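J.: the following comprises the amino acid sequence and a computationally predicted model.
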Amino acid sequence: MKLHDLRSSDGARHRRKRVGRGIAAGQGKTAGRGQKGQGARRGSGGNIYREGGNLPFVRKLPFKRGFTNINKVYYVVANVDDLDARFEAGDEVTPETLAGVGFAKSATDGPFAVLGRGEITKALTVKVHKCTPSAKEKIEKAGGSVEILEG
């Protein structure tokens, strides 16, 4: 196969419609623009400010900026000092127990994360979806352990 052998698939390319070339061509007289009116005139269409009573597009723009990411994950967060205040030594910290002490309405409210603010003095077994390195270090230094949950 050579370059001159290449062809477009059948139906991939269309000839340009030659409008206004007589009645026999099928697009004569009004050339597909209908009878009189705004759409039949030269230069019609394209005035973006005139939208027939709607708020013009350019005036809508300031309200259209940005977007909402539907894939954003919202974590239910707890800090190390919160865990120290609300749990006893040897307790197991899970999404269910965190919801039970008021961090969320239920254990299914979203993935749970532990952040590293504050200090911890109790050995806790923490099972959450995310944990910052500083929080993990503080929990393990206090004699506890961290397990990362799936999902």
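T.: On my side now, so go ahead. The structure presented is a predicted model; accordingly, all values stated were derived computationally and were not measured.

J.: quick check: the gap between the residue positioned nearest the centre of the chain and residue 60.
T.: The centroid of the chain falls nearest to residue 69 when counting by C-alpha atoms, centre = their mean (2.0 Å). Distance, residue 69 to residue 60, using C-beta to C-beta, to the nearest Å: 21 Å. The way it works is simple: take the backbone N, C-alpha and C, and place the C-beta from them, glycine included.

J.: could you pull out the helices for this protein?
T.: Under the criterion DSSP state H, the chain contains helices at 57-64, 80-86, 95-100, 133-141.

J.: among these, which is nearest residue 149?
T.: Of all the helices of the chain, helix 95-100 sits nearest to residue 149, with 7.6 Å by C-beta to C-beta.

J.: show me what that closest one is packed against.
T.: Packing contacts for helix 95-100, counted by 3 or more C-beta pairs under 8 Å, 6 or more residues apart in numbering; DSSP states H and E, involve strand 76-79, strand 125-128.

J.: so of the ones you listed, which one's packed in deepest?
T.: Stretch with highest mean neighbour count among those: strand 125-128 (a mean of 21; mean count of other C-beta atoms under 10 Å).

J.: now do that one: distance to the chain's middle.
T.: 29 Å (C-alpha atoms, centre = their mean, to the nearest Å).

J.: give the other helices and strands that it contacts.
T.: Going by 3+ C-beta pairs under 8 Å, 6+ apart, strand 125-128 lies up against strand 92-93, helix 95-100, strand 112-115, strand 145-148.

J.: and the ones you listed as JSON lines, adding distance to residue 36 and mean pLDDT?
T.: Below are the helices and strands packed on strand 125-128 laid out as JSON lines (distance: least, C-beta to C-beta, whole Å; pLDDT from 0 to 100):
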{"stretch": "strand 92-93", "distance to residue 36": "77", "mean pLDDT": "94"}
{"stretch": "helix 95-100", "distance to residue 36": "69", "mean pLDDT": "93"}
{"stretch": "strand 112-115", "distance to residue 36": "67", "mean pLDDT": "96"}
{"stretch": "strand 145-148", "distance to residue 36": "72", "mean pLDDT": "95"}
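
J.: tell me which of these is the most buried.
T.: It is strand 112-115: most buried of the helices and strands packed on strand 125-128 by mean count of other C-beta under 10 Å, with a mean of 22.
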